[in-house]
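A.B. asks: have a look at this prediction, sequence included:
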Amino acid sequence: MSFKKKSRIIALIMLIAAVVFFVFSITHPTSSFPWSNTITYFIYAVYIFIMVVLFVAPYRK
């Protein structure tokens with residue numbers, strides 16, 4: 001399997017996982033993480049960055 005196909009599959013799985021997490025968090029508003037919001041936002045930013053890189057990588061030369 002080529003890098004392009006692997007990259008797209010991984011990015012798609014990450015997107016699906018993000019949507020599932022979003023739906024869970026909307027339906028369970030009392031759930032929270034045991035750390036501060038700063039760490040949570042950092043984790044979200046890194047996750048989104050990696051997902052975008054994996055979506056864009058197959059189209060770059």
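C.D. replies: Everything's here; your move.
A.B. asks: shaky segments in the chain?
C.D. replies: By pLDDT under 70, the low-scoring segments of the chain are 61.
A.B. asks: ok, 80 please
C.D. replies: 58-61 (pLDDT under 80).
A.B. asks: what about the helices in it?
C.D. replies: 3-27, 37-56 (DSSP state H).
A.B. asks: redo those helices as JSON lines? Include mean neighbour count.
C.D. replies: All C-beta spots, glycine's among them, are computed from the backbone N, C-alpha and C. Below are the helices of the chain laid out as JSON lines (neighbours: other CB atoms under 10 Å):
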{"stretch": "helix 3-27", "mean neighbour count": "12"}
{"stretch": "helix 37-56", "mean neighbour count": "12"}
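A.B. asks: what's the first-to-last distance across stretch 29-46?
C.D. replies: One end of stretch 29-46 to the other measures 23 Å (CA to CA, to the nearest Å).
A.B. asks: what does that stretch rub up against?
C.D. replies: 24, 25 (CB atoms under 8 Å, 6 or more residues apart in numbering).
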